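*Asks:* here is my input; please provide its structure:
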Amino acid sequence: MTVAAAQHVIDRLRSSSDYVVVDTPASFSQLNLAAIDAADVICVVTAPHLASMKVTLDCLETLEKLGYPKGRVLLITNRITGQGLDSEKVARFFGRPPDLSVPYSAPFDEAADQGKPLVISSPENAAATLMRDLAAKIAVAAPVAH
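*Replies:* Okay, the predicted model is just below:
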């Protein structure tokens, strides 16, 4: 796919949807930069493990060097296992607390295997509540213009 085609697709989706979510790999390819340039909010997701956090810190620093405003970037920790650094150590590492910390939740895996979002399959789950909080943060940061 070309950068022009990616921009066209994002523009078309924006014209027919309130929100467009683009999940990119952790790189700064031309395609990813096109998606980031089009974003109102950039969610940087990391696991609370040192190796992941080091890569995430590099990513955050690169976004800053490229001129993306910090106010457009949300830092999210996602506990994909019951292990990992505690919230205090994560906050110290980044010099700020994450905007959102998603706790480990076994129903995430079950929901993925069933092909149903956790917020639908287990709406009362703590992690599902945090996913709704994330949606609310995005809605505030990028309100729908009607």
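*Asks:* quick one: L134 from Y19, how far?
*Replies:* Applying CB to CB, to the nearest Å, the value for L134 to Y19 is 12 Å. The way it works is simple: take the backbone N, C-alpha and C, and place the C-beta from them, glycine included.
*Asks:* show me what the residue most central in space within the chain is bridged to.
*Replies:* The chain has C43 as the residue nearest its centroid, 3.1 Å off, counting by CA atoms, centre = their mean. Listed beta-bridge partners, C43: L74 (assigned using DSSP bridges).
*Asks:* relative to S16, how far out is it?
*Replies:* Distance from C43 to S16, by CB to CB: 22 Å.
*Asks:* ok, now A38?
*Replies:* Following CB to CB, the distance that separates A38 from S16 is 15 Å.
*Asks:* of those two, which one has the most company?
*Replies:* Of the pair A38 and S16, A38 is the one with more neighbours under other CB atoms under 10 Å, namely 16 against 7.
*Asks:* ok, the more buried one touching V9?
*Replies:* No. If you go by CB atoms under 8 Å, A38 and V9 don't touch, sitting 9.9 Å apart.
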